[in-house]
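Trainee: Quick one, structure for this:
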Amino acid sequence: MRLFSFRLVAATPLLLLLLQTVDGFYSQQLQLHLQPFFASSRRIFPVKTSYHQNARASSHVMIYCPDQSTRGLMEEPISSAPSFSLTPRNCRSRIASITATNLGGFVSHESNDIVIHFRDDSCFVAVTGNSASGKSLLLAKTLELICGAKASASLLRPGAASASVKVQIRLAEPHLAAISQAFEKLGLDVSSLTQHHELILERTLHLQTRSNSVLGRPRLKSVCRVNGQVTTLKDMASISQPLLVVVDASAAAAGLANEDARLAIIDTGVAPSILETYHFARERYQLCRQKREQMEYELTANGSKLFGGMEVHEKDMELLGHYIAELDALELRIQRFCESLSPGVEDLSHNSVLAGISYGISRTKWNDDVGKDGIFRSALLERLCLLRDNILELDGRIASALLVIDALGSLSTEKSAMTAMERARKHLYDVTAAHSMTPDEKEILPGAAAAERIHDMLNEIETALVDCSTFIEDDEKGLLKGLERERSSCAIGADQIESLICDWSSLARKHGVTSYQLPFCHAQLQQQRDGGTRARELLPMILADEKQALEIYHEAGHNLLLARDHVVKQLEKDVTDRLPSLSMETTNLCIELLQIRSLTDASVSSGANYAESIAFKLWTERSSEMGGDVHDVASSGEKSRFLLALESSLPGCVGAVRRRNLHGGALLPSVPPIAVIYDEIDAHVGGSAANALATMLASQARNCQIVAITHSPPVGALADLHLVVRKSYNIDEFNKGVGPRTVVNVTEVDKSERRLELARMASGDLATSEAQMFAEALIREGVIRRDATKELY
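Mentor: Sure, this is the predicted structure:
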C-alpha cells in the first residue's frame, strides 16, 4: 500500500470548506472531488483523511492507494491523529456468518449446527458470556481451523463421526478482485465468486477408523471446500490466512520473545515484492554456491581417494590413464566375446536354456547394474558366471549319459549289464551241462524246464538292454541327443568363460574392489579423468555466476534492511503515539534493528537463521535509561495493550506471528485483512486502561471488521453488535440414559438484555441494581460514540 501525502493551503476555498469537517455530506463531497484524479487507473481508491484541530488552515490529507509493489513502504509519516475510511459500512468486506457442527460437543436447541450471524452494519462485534461458555471455541478456534490450524479428535462431539466449520464472507473491493486472482491461480471456478460476491470456506473433519490410526490413536482427515469446490487445506489456508487474523493475546504475547516472530511483525509492513526478491536472490545464491562446492569436491575430494590426498599432477594423470586403458581393453575383450554369443533363431525357438542366457549376455552392457540399495553389482559378470555354471553342469550330464550307455550295453566293459548277463548265461549253461544227453533225457532232468524258462527271460533282458542303449545313444528323442542338442546351442567352452572371469577378478583385486564393482570403478576413473578436465573448464564460469548471485543477494538484503528500517521508524512513532490513549502516557516504544550476521554466513544463506535482530523495548520519559524488552519488563495487561497498538498501526502484523513460516509466493496481493478476531485482548486490563482499549478497538473497526471475545464491559458497550454465548445441558436426554448434551446458544442482545449482560459482566451477582445503573451509563456513552463514529463512514 503506497501512501501519498499532500497539503492543501487556504488559497482554495472549496477544498478548505470540505476539509473543515470530515463527517456526513462533506466527507462524501471530498471523495467525489478527489476521485477524478485517479479515474484513469480504473481502480477504486479509498480516501482517508486526518486533520489537526489546532491547525485547520493547513489540513493534512492522506490517500491510500493499493499497490502490491510498494505495500507497507510508507513514504510519509503516519499521522498521530486518528484516520478513518470513507467507504460506507455496507460496502466493506465482512464476515456474514460462522457455522460449527458437532464441534467440541456443542449443539444448539434445534440441531447440531451452531450458527453465528453478523449484521451488515456490524463493524465492531463484542462476544461475551460466562467463562467456559465456548466463546473462543466457536469463534477463534473455528477461524483458526479455517486458516489451516491442526485439528485433534477431541474437537469432535463424543459419538460423532465428523465435525465441520464454515465461514461465509461478503466481499467488496479490493478483496473481491484479489480473491478472484487467487481462484484463477488455484484453478477454481471464479463465477461463483463474482456472481454472488461471496466467499464460503468450509472444512470437514472425518474421524478415521482404528485400523488406519497410528498406535491405536484416532486420526482426522480434513476435506476442504472453497465455494463448494473441493481443494487442499494448504490452498484454502493460503486464501484465508491473509483475510482472517486471529489474535490470541496470550500466544501472541509469548511470541514477542521469539526473534522470528518479531521479524514477521516488521515484515508485514514490507512490500511483498521486496521480500520475494530477497528470498529469490538467496535461493539463487544457495544454488550457485552449492554448484561451486560440488565442482571443487570433484577436483579435490575424489582425487584424494585415489592418490592419497595429493594434488593431481601430470604423473598421476598418466597413471590414471594407464588404469583406464587396462580396463578399456578388458571391456572391449568381454564385449566382443558377448557379441559372439548371439544365438540363432532355432535355438531360441526350442527354449534352450543356454541360448536364453547367451542371448541375455549379448544384450548386456559393461556398465549394466542389477544392484540394490544403491550398491553397484555388475549384471554382465553375474550372467557370465551363470552361463559358465550351466555349461559345466550340462557337460557333466552328457558325461553321465555316456557312462549309462557303457554300463548298459557295452560288451567291452567288465561291469556293464550286457557282460553280466553273458556271465549269467554261461553259469546257467553249466547247470544244464549234460552235453551227451539226448533231448528225452534232458526233459526228465531235474530243473530242466526252469532253466529253459530262465534262458527265455535272459533273451528278453538282452533285447531290452539293446533297445535302451539304442534309445539313449541313437534315438532323436533320447537322452544323449537331447543333451547334445542343448549343448550345441552354445559353442563356447567353460574354460573360455573361466579365463575371462579370472582376468576380470585379477583387475578387481588390483583396484581394491569386488569383481562385481569393477565396471563402476572403471566409470569412476573415467569420470575423474574427464570430469577433472571439464571441472577446470567450468570452474571460472561457476565462480563468476556465484559472484554475480552474491552481488544480487547483497543488494536484495540491503534493500530489505532499508525497508525494515523504514517500517521500524514508522511503526515506532505510530505505536508511541497510540500508547497514551491506552493509559500508557509516559511510555515510549523503541525498536532496535541490528544486522548481527553477514548474509553469506551458512546459517543465513541456508534460510535456517536471520541476519537482523529486532528488539521491542519500552522506556518512560521519566527515566534517562532505555527500558528492557517488552516480553521481559511489560505486565500481561501492558502486553495486551501493546499488541493492540501494534495491530492498529500495522493491520495483520500480530497474526503474522502465527504465519511467520509462510514467506514469499503469497496467492493474495497486498490487501488488508477483512476481519481481526481478538481472543480476550482485554485480559489483565482494567480501569481507565480498559476504557482506552475499548476506544482503540472501536477506532480500528473503521478499517476492518473487529470481533472481540471479551469480559470487559466498556468493550461490550461500544460494540455495534453484542453477541452473548450461553451454555446449558439437556437434562431430558440425561434422564433417558443418553447422557447430557451441551446446548449452546449465541444470541444478539439489545436494550434491557444488553444492560443485564453488561451488569453481569461488571459485578456478577453483587450489587445488581447499582451494576445495572452502571451498565445503563455505559450503554448511553456507547450510543453517543457509535453515532458519532457512524457519521464518519
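Trainee: which stretches of the stretch 1-150 of the chain have low pLDDT?
Mentor: 1-91 (pLDDT under 70).
Trainee: Then the stretch 151-300 of the chain?
Mentor: 209-217, 298-300.
Trainee: any idea where the strands of it begin and end?
Mentor: With strands called from DSSP state E, counting those that start in this stretch, the stretch 151-300 of the chain shows them at 162-170, 198-207, 220-226, 229-231, 244-248.
Trainee: nearest to Leu403, of the ones you listed?
Mentor: strand 220-226 (71.5 Å; C-beta to C-beta). In this view, the C-beta of every residue, glycine as well, is placed from N, C-alpha and C.
Trainee: and that closest one, which residues are buried?
Mentor: Leu220, Cys224, Arg225, Val226 (16 or more other C-beta atoms under 10 Å).
Trainee: Partner strands of that strand, with direction?
Mentor: Sheet pairing here is set by DSSP bridges, and for strand 220-226 it gives strand 198-207 (antiparallel), strand 229-231 (antiparallel).
Trainee: hmm, back to that, which stretch among the strands of the stretch 151-300 of the chain comes nearest Glu393?
Mentor: Closest to Glu393 of the strands of the stretch 151-300 of the chain is strand 220-226 (C-beta to C-beta; 57.4 Å).
Trainee: which other residues reach the closest one?
Mentor: The contact list for strand 220-226, computed with C-beta atoms under 8 Å, 6 or more residues apart in numbering, reads 151-153, 156, 183, 188, 199-208, 230-233, 235-236, 239.
Trainee: Over to stretch 497-505?
Mentor: Leu330, Arg333, Ile334, Phe337, Leu381, Leu384, Cys385, Leu387, Arg388, Ile391, Ser515, Leu518.
Trainee: residues of that stretch that come out buried?
Mentor: Ile497, Leu500, Ile501, Trp504.
Trainee: Check the gap between the second one and Phe471 for me.
Mentor: Which is Leu500. Separation of Leu500 from Phe471 (C-beta to C-beta, to the nearest Å) stands at 38 Å.
Trainee: now the third one
Mentor: When distances are taken as C-beta to C-beta, Ile501 and Phe471 turn out to be 38 Å apart.
Trainee: How about the last one?
Mentor: Distance from Trp504 to Phe471, counting by C-beta to C-beta: 43 Å.
Trainee: Quick check: pLDDT value at Thr438.
Mentor: Listed pLDDT for Thr438 reads 60.
Trainee: I should have written Met761 there, sorry.
Mentor: Reported pLDDT for Met761: 87.
Trainee: So it lies in a strand, does it not?
Mentor: No - under DSSP: H, G, I helix; E, B strand; the rest coil, Met761 sits outside any strand and is assigned helix.
Trainee: How about it: what's its closest non-neighbour residue?
Mentor: Nearest non-adjacent residue to Met761, counting by C-beta to C-beta, 6 or more residues apart in numbering: Pro713, 4.8 Å away.
Trainee: give me every residue that touches that neighbour.
Mentor: Neighbours of Pro713 in contact, by C-beta under 8 Å, 6+ apart: Ala690, Leu758, Met761, Ala762, Phe774, Ala775, Leu778.
Trainee: make it 10 Å
Mentor: Each residue near Pro713 by C-beta atoms under 10 Å, 6 or more residues apart in numbering is listed here: 126, 128, 682, 690-691, 694, 757-763, 771, 774-775, 778-779, 782.
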